[in-house]
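S.K.: Model the following, please.
(one chain, ligands or ions: 2)
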Amino acid sequence: MTRPYGLLAELTYACPLHCPYCSNPLNLGDYRDELTTEQWQRVLTEARELGVLQLHLSGGEPLQRRDVVEIVRHGSRLGLYTNLITSAVGLSPRRAEQLREAGLDHVQMSIQAHEATASDRIAGTPSFERKVSAARLVKELGWPLTLNVVLHRHNIDHVGDVLRLAEELRADRIELANTQYYGWALLNRGALLPSRAQVDRAEAVVRAARDRLRGQVEITYVLPDYYEQYPKPCMDGWARRQLTVVPNGDALPCPAAQVLPLPRANVREHSVEWIWTRSPLFQRFRGTDWMPEPCRSCPRREIDFGGCRCQAFLLTGDAARTDPVCVLSPDHGIVVDAVRAAGEGDALVPRPNPRRVTSGRERSRTARS
Ligand code: SF4
Ligand code: FES
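M.R.: Ligands and ions are numbered 1, 2, ... in the order given. Next comes the predicted model:
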């Protein structure tokens, strides 16, 4: 069994933004009972003992936690490389200084679009100008800056403008990541999935920018997996290299696994070591023994690990099936239909639902009424 390399700590699902592509669960209100500072510190200590080297602090918006500086300080003292994944709303000069002093190593900031009107519309709140100021602050304080832009139907045509903004802000790296369809993003898939023509145009723009910005801005471009032939090796394999802990203390092999009908594993009840090595949840899809055909006899089974368990569940109702993104999957028609609908033109595209906080009970009440 390998040791985990990275810990994604989703400190809180509270967030000032309402992005319709959020991968957080739909029942956000069920996660209000958050771990305390001491509990997070214990999780970090145990994760480090297990071999974790990188700590990614995320959410929601991790800056909504008053104790984020203390948590960073603890991680830094343990020798973890600390990365703050943030909307930057709440990154005041004072907070930034405190985080710098606590040992924060890296800032990854989301940008919704290249200019204020589009960006604020997607974020559901005025935030673009604050993001630009925060990006400048990050560079002034000497942090490496990664910009993260989730691409979808409403901003992918401006990928060139986004790259120019990254250049202007002196970002070290930009991650252009097409939306992954979990949580709110799956709910809004009809409104967000770009057409194949859009994807092809964006790819050409990114290729040209790579040559122009070589040695200046490192560009990562994540294709929408619906347009790929084979699925992504999600999380580099189930419970193989990464571990996620969500606000209520549930530990998961990936950030979307709350939806799976599998036994829970919570850090309030078990050590991180027990969860990683012995919990039924982490063992369920580890390795290749669980695989059905066509994965079982496929030469790519150690390359993509049968794709994404959460996507298989969300699209077919069975987490143990081959990811429908794969052209060899018997369920591939589900993805083909979604792609066909995305190519049928803007007139048929619904309005996306903004992310908002409701519990599972509130959601089913809304669904009934
Ligand atoms: Fe990957 Fe399974 Fe498809 Fe083979 S059949 S490419 S292992 S998802
Ligand atoms: Fe859960 Fe891919 S997101 S396994």
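S.K.: from here on, contacts and neighbour counts on C-alpha atoms
M.R.: OK.
S.K.: I'd like the secondary structure assignment at residue 263, please.
M.R.: coil (DSSP: H, G, I helix; E, B strand; the rest coil).
S.K.: So which residues on the protein come close to ligand 1?
M.R.: Applying CA under 6 Å from any ligand atom, we find that the chain lies next to ligand 1 at 230-231, 294-295, 298, 300-301, 304-307, 322-323, 326, 328.
S.K.: again, 5 Å this time
M.R.: By CA under 5 Å from any ligand atom, the residues of the chain that approach ligand 1 are 294-295, 298, 300-301, 306, 326.
S.K.: For the residue of the chain found nearest ligand 2, the count of nearby residues, please.
M.R.: Closest to ligand 2 within the chain is residue 308: 3.8 Å, counting by CA to the nearest ligand atom. By other CA atoms under 10 Å, the residues close to residue 308 number 25.
S.K.: so who does it touch?
M.R.: Contact analysis of residue 308 by CA atoms under 8 Å, 6 or more residues apart in numbering lists 231-234, 323.
S.K.: Run through this protein and note the low-pLDDT ranges.
M.R.: The model of the chain has pLDDT under 70 over residues 346-350, 358-369.
S.K.: before we move on, which element is residue 244 in?
M.R.: strand 242-245 (DSSP states H and E).
S.K.: Can you name the residues in contact with that strand?
M.R.: Strand 242-245 is contacted from outside by 4-10, 235-236, 251-255, using CA under 8 Å, 6+ apart.
S.K.: Report the two of the residues you listed separated the most.
M.R.: Farthest apart among the contacts of strand 242-245 by CA to CA are 10 and 236. That separation is 19.2 Å.
S.K.: These two: which has the busier surroundings?
M.R.: Set side by side, residue 10 and residue 236 show more neighbours around residue 10, with 23 against 16, by other CA under 10 Å.
S.K.: Kindly list the main-chain dihedrals of that one?
M.R.: Phi and psi for residue 10, reported as degrees, to the nearest 10, are phi -90, psi 90.
S.K.: tell me which residues form a beta bridge with it?
M.R.: Judged by DSSP bridges, the bridge partners of residue 10 are residue 58.
S.K.: got the contact list for it?
M.R.: Counted by CA under 8 Å, 6+ apart, residue 10 has contacts 57-60, 62, 244-247.
S.K.: which among the residues you listed gets closest to residue 289?
M.R.: Closest approach to residue 289 among the contacts of residue 10 (CA to CA): residue 244, at 23.0 Å.
S.K.: which strand residues sit across from that closest one in the sheet?
M.R.: Those that pair with residue 244 in a beta bridge, by DSSP bridges, are residue 8, residue 252.
S.K.: contacts for whichever strand or helix holds residue 184?
M.R.: Using DSSP H and E, residue 184 sits in helix 183-187. Applying CA under 8 Å, 6+ apart, the external contacts of helix 183-187 come out as 20-26, 179-180, 192, 256, 353, 355.
S.K.: quick revisit: where helices are concerned, which of the residues of the chain next to ligand 1 count?
M.R.: Among those, DSSP state H puts residue 301 in helices.
S.K.: For the residues of the chain next to ligand 1, which entry has the maximal number of neighbours?
M.R.: residue 306 (34 neighbours).
S.K.: residues contacting it?
M.R.: Going by CA under 8 Å, 6+ apart, residue 306 touches 231, 233, 291, 295, 322-323.
S.K.: Among those residues, name the buried ones.
M.R.: Among the contacts of residue 306, those buried by neighbour count (16 or more other CA atoms under 10 Å) are 231, 233, 291, 295, 322-323.
S.K.: wait, is residue 190 part of a helix?
M.R.: Yes - using three-state DSSP, the assignment for residue 190 is a helix.
S.K.: So what's the residue count around it?
M.R.: The burial count for residue 190: 19, using other CA under 10 Å.
S.K.: Could you do the one 10 residues further on as well?
M.R.: Each residue near residue 200 was counted by other CA under 10 Å, and the total is 11.
S.K.: what does the stretch 201-350 of the chain have sitting close to ligand 2?
M.R.: Contacts of the stretch 201-350 of the chain with ligand 2, taken as CA under 5 Å from any ligand atom, map to 234, 254, 256-257, 308-310.
S.K.: Mind putting the residues you listed into TSV with secondary structure and distance to residue 105?
M.R.: As requested, these are exported to TSV (DSSP: H, G, I helix; E, B strand; the rest coil; distance: CA to CA, whole Å):
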residue	secondary structure	distance to residue 105
234	helix	26
254	coil	23
256	coil	26
257	helix	28
308	coil	30
309	helix	32
310	helix	31
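S.K.: can you list those residues in JSON lines and add distance to residue 44?
M.R.: Output for these, formatted as JSON lines (distance: CA to CA, whole Å):
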{"residue": "234", "distance to residue 44": "23"}
{"residue": "254", "distance to residue 44": "17"}
{"residue": "256", "distance to residue 44": "21"}
{"residue": "257", "distance to residue 44": "20"}
{"residue": "308", "distance to residue 44": "26"}
{"residue": "309", "distance to residue 44": "26"}
{"residue": "310", "distance to residue 44": "25"}
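S.K.: Next, the residue nearest to residue 100 when sequence neighbours are not counted: phi, psi?
M.R.: Leaving aside its sequence neighbours, residue 100 sits nearest to residue 141 (CA to CA, 6 or more residues apart in numbering; 7.7 Å). Dihedral pair for residue 141: phi -80, psi 0, per degrees, to the nearest 10.
S.K.: Next, count neighbours for residue 141.
M.R.: Neighbour count of residue 141, defined by other CA under 10 Å: 12.
S.K.: do residue 157 as well
M.R.: By the criterion of other CA under 10 Å, residue 157 has 17 neighbours.
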